[in-house]
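**Q** coords below, sequence missing:
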C-alpha cells in the first residue's frame with residue numbers, strides 16, 4: 001500500500017473530524033449549558049449551507065457566503081430559542097425531542113418551498129480549487145486543508161472564549177448551577193439565547209464548508225446530526241475538549257475503516273465482495289468505537305465524573 005495514499009486518507013479523516021467538531025461543539029455547548037436535546041441542530045446545518053449557496057450565487061464571493069452561513073445559523077438559532085426552545089426548559093426530554101424533531105420537518109419543508117427540491121451548487125473558491133504539495137511528495141486539495149485550518153482556529157477560539165472571557169465564565173457557571181448564577185443577577189434567558197445562537201452559527205458554518213464539496217440539498221443535516229451525537233457521547237456531554245477528541249476519533253475511524261477494511265478483506269474475498277463487506281463493516285466501526293468507550297467510561301472520555 002503506497003504511503004502517500006495512506007497519508008491522504010489520514011488527512012481526509014482529519015478534515016472530516018474537524019467538520020464534525022464544528023457540529024458537535026455547538027451541540028455539546030447547548031446540552032451542557034441548557035440541558036436541551038436539540039435534534040434540530042442538523043436543520044441549522046442545512047440552513048447555513050443554503051444561505052451560503054444563495055449568497056455565493058448572487059455575489060460570487062465565497063467569503064460572503066461563509067459570513068451569510070454564520071449569520072443565518074445564528075439568527076435562526078436565536079429565533080428558535082426565543083419562540084420555541086424557551087418553552088421547553090422545564091419539560092421532559094421526550095417533549096424536547098418531539099418539539100425539535102417537529103422543527104426538522106418544518107425547516108425541511110420550508111427550505112424545499114423556498115429553494116425547490118433540486119440540490120444547489122456551492123463552488124469551491126478559485127484560490128482553493130487546486131492541490132497543495134505537502135512535504136514535497138503529497139498533493140492534497142487546498143480546500144480540505146482550509147477546512148482543517150478553520151476547524152483548528154474555531155477550536156482555539158472556543159477554548160479561549162470559555163477559559164478567558166466573562167461570557168465563558170457564565171457559560172461554565174451555567175453548566176454547573178443555573179439557579180445560582182440567575183440568583184447572582186445573570187440574565188439567564190439572554191445567556192441561553194447567546195449559547196444557542198453560537199451553537200447554531202457553528203452548525204451553519206459547517207454546512208457551508210461541506211456544501212462546497214458535497215451537494216446542498218434538503219435533509220443534508222440529518223446524517224451529520226447522528227454522527228455529531230455519536231461524537232458528544234464518545235467525548236462526554238458538555239465537554240468541548242471531548243467534542244474535539246471525539247470528532248477526530250470518529251473522523252479517522254470512519255475514513256480509515258472505509259479505506260483499509262476493503263484492502264484487508266481483498267486477501268480473503270474477491271474485489272467486489274471485499275468492497276461490499278468492507279464498506280458495511282466500516283459503517284459500523286464508529287458505533288463499535290462508541291460502545292467500547294461507554295463500556296469503560298460511561299460518561300464519555302471527558303464527561304463529568306471521569
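**A** Arrived safely. Being a predicted model, the structure only gives us computed values, none of them experimental. Numbers count the residues shown, from 1 in each chain.

**Q** give me the number of residues near residue 145?
**A** 17 (other CB atoms under 10 Å). For the C-beta atoms, the positions are set from N, CA and C on the backbone; glycine is no exception.

**Q** So it, which state does it fall into?
**A** Using DSSP: H, G, I helix; E, B strand; the rest coil, the structure places residue 145 in helix.

**Q** That one is in contact with residue 130, isn't it?
**A** No. Here residue 145 does not reach residue 130: they are 11.1 Å apart, not a contact under CB atoms under 8 Å.

**Q** Thought residue 280 was touching residue 265, still the case?
**A** No. Residue 265 lies out of contact with residue 280 (CB under 8 Å); the separation is 10.4 Å.

**Q** Which of these two has more residues huddled nearby?
**A** residue 265 (19 against 10).

**Q** Can you pull out the low-pLDDT segments for the stretch 151-300 of the chain?
**A** 174-180, 182, 184 (pLDDT under 70).

**Q** State the helix or strand in which residue 105 lies.
**A** helix 93-115 (DSSP states H and E).

**Q** Report all helices and strands that that helix contacts.
**A** With contacts taken as 3 or more CB pairs under 8 Å, 6 or more residues apart in numbering; DSSP states H and E, helix 93-115 sits against helix 41-59.

**Q** buried residues in the helix it packs on?
**A** 41-56 (16 or more other CB atoms under 10 Å).

**Q** which stretches of the chain form strands?
**A** 131-134, 138-141 (DSSP state E).

**Q** what does the helix holding residue 105 rub up against?
**A** Defining contact as CB atoms under 8 Å, 6 or more residues apart in numbering, one finds that helix 93-115 is touched by 36-40, 42-43, 46-47, 50, 54, 80, 84-85, 88, 218-219, 221-222.

**Q** Swap in 6 Å and give it another go.
**A** If you take CB atoms under 6 Å, 6 or more residues apart in numbering as the criterion, helix 93-115 is touched by 36, 37, 38, 39, 40, 43, 50, 88, 218, 219.

**Q** any idea how far the last one lies from residue 49?
**A** Going back to what we said before, that points to residue 219. From residue 219 across to residue 49, the span is 11 Å (CB to CB, to the nearest Å).

**Q** Tell me who's in contact with the closest residue to residue 221 other than its chain neighbours.
**A** If the residues on either side of it in the chain are set aside, residue 221 comes closest to residue 42, at 2.9 Å by CB to CB, 6 or more residues apart in numbering. Going by CB under 6 Å, 6+ apart, residue 42 touches 221, 222, 224, 225.

**Q** Return the distance of stretch 101-110 from the chain's centre.
**A** Distance, stretch centre to chain centre, for stretch 101-110: 19 Å (CA atoms, centre = their mean, to the nearest Å).

**Q** typo on my end, stretch 35-51
**A** 9 Å.

**Q** Over to stretch 295-303?
**A** Counting by CA atoms, centre = their mean, stretch 295-303 is centred 20 Å from the centre of its parent chain.

**Q** in it, what counts as buried?
**A** Applying 16+ other CB under 10 Å to stretch 295-303 flags 299, 300, 301, 302, 303 as buried.

**Q** Quote the end-to-end distance of that stretch.
**A** 14 Å (CA to CA, to the nearest Å).

**Q** can you check stretch 267-274 too?
**A** For stretch 267-274, the end-to-end distance is 8 Å (CA to CA).

**Q** can you check stretch 263-281 too?
**A** 12 Å.

**Q** Can you flag the buried ones in the contacts of helix 93-115?
**A** Applying 16+ other CB under 10 Å to those, the neighbour count classes 36, 37, 38, 39, 40, 43, 50, 88, 218 as buried.

**Q** The third one is in contact with residue 30, isn't it?
**A** Yes. With the criterion set as CB atoms under 6 Å, residue 38 and residue 30 qualify as a contacting pair; they are 5.3 Å apart.

**Q** Between helix 93-115 and the longest helix along the chain, find me the angle.
**A** Using DSSP state H, we find that the single longest helix of the chain is helix 3-34. With axes from the mean of the first three to the mean of the last three CA atoms, to 10 degrees defining the directions, helix 3-34 sits at 120 degrees from helix 93-115.

**Q** Helix 3-34: which residues count as buried?
**A** Buried residues in helix 3-34 (16+ other CB under 10 Å): 8-9, 11-34.

**Q** try stretch 151-169
**A** 151, 154, 155, 158, 162.

**Q** any idea which of the strands of the chain is most buried?
**A** For those, the largest average neighbour count (mean count of other CB atoms under 10 Å) is found in strand 138-141, namely a mean of 16.

**Q** neighbouring strands for that strand, and are they parallel or not?
**A** strand 131-134 (antiparallel) (DSSP bridges).
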